[in-house]
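Enquirer: got a predicted model here, sequence first, then my questions.
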Amino acid sequence: MNSDEVQMIKKTWEIPVATPTDSGAAILTQFFTRYPSNLSKFPFRDVPLEELPGNARFRAHAGRIIRVFDESIQLLGQDGGLEKVDEIWTKVAVSHIPRTISKESYTVSSGFPSFLRNIRFILTALALQQLRGVILEVLTEACSLDESQAATWAKLVDHVYGIIFRAIDDDGNAK
């Protein structure tokens, strides 16, 4: 990212980071409303969707998401910042590996085609792509991003996702 893009990210980020828990909750609420099956992968899966915004576990997780983004955004434009961002998101990716549903849960028969052997990774990748869309949509609305700003945010989120996918192999395990 160039310096203008970094400055734009930091400036627009001031809006969601001002209320981190509410901002994270807005993202997750939209994610679970649009893709309710993903709720089963979270520690608050037993909480009805309409009760999530007031649930302490949900709000704590929502706040952590924004804090990780904030830590990453603060590093942008600093010497060695991108390497530190890489470390942060690699740790996030690796810490989430045990939380995915094992591929064995989906394998009914050893006679399944080889492409189904990577179902855990595929499902994780699909959920992450769904989340990507929601993150960008909520940020665009909350920050009143124009087309150029939204594209720059997409560039940052895609960079983060690149880190995550480099940290996880095709079977959904840490590399």
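Expert: Noted; the coordinates are in hand. Here the structure is a predicted model, which is why all the values come from computation and not from measurement.

Enquirer: how about low-confidence regions in the protein?
Expert: Screening the chain residue by residue with the criterion pLDDT under 70, one finds the ranges 97-125, 169-175.

Enquirer: go again using 50 as the cut-off
Expert: Of all residues in the chain, those with pLDDT under 50 make up the ranges 101-123.

Enquirer: which parts of it are helices?
Expert: Counting by DSSP state H, one finds helices in the chain at the ranges 3-17, 20-34, 56-75, 81-96, 119-142, 147-167.

Enquirer: which parts of the second one are buried?
Expert: So that's helix 20-34. Buried residues in helix 20-34, counted by 16 or more other Cβ atoms under 10 Å: 20-32. Just so you know, the C-beta spots here come from the backbone N, C-alpha and C atoms, and that holds for glycine as well.

Enquirer: equivalent analysis for the third one, please.
Expert: Using 16+ other Cβ under 10 Å as the burial criterion, the residues of helix 56-75 that qualify are 58, 59, 61, 62, 63, 65, 66, 68, 69, 72, 73, 75.

Enquirer: tell me the one of the residues you listed nearest residue 14?
Expert: Checking the buried residues of helix 56-75 against residue 14 with Cβ to Cβ, the nearest one is residue 73 at 9.9 Å.

Enquirer: now do the contacts for that closest one.
Expert: 9, 10, 13, 17, 156 (Cβ atoms under 8 Å, 6 or more residues apart in numbering).

Enquirer: residues of stretch 148-168 that come out buried?
Expert: Counting neighbours by 16+ other Cβ under 10 Å, one finds that the buried residues in stretch 148-168 are 149-150, 152-154, 156-157, 159-161, 163-165, 167-168.

Enquirer: cool, stretch 35-55 as well?
Expert: Counting neighbours by 16+ other Cβ under 10 Å, one finds that the buried residues in stretch 35-55 are 38, 39, 42, 44, 47, 52, 55.

Enquirer: quick one on the thing from earlier: tabulate the buried residues of helix 56-75 (a markdown table), appending distance to residue 143.
Expert: Rendered in a markdown table, the data for the buried residues of helix 56-75 read as follows (distance: Cβ to Cβ, whole Å):
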| residue | distance to residue 143 |
| --- | --- |
| 58 | 23 |
| 59 | 21 |
| 61 | 22 |
| 62 | 17 |
| 63 | 18 |
| 65 | 16 |
| 66 | 13 |
| 68 | 18 |
| 69 | 13 |
| 72 | 16 |
| 73 | 13 |
| 75 | 20 |
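
Enquirer: and which of those residues is nearest residue 94?
Expert: residue 68 (13.3 Å).

Enquirer: all set, thanks.
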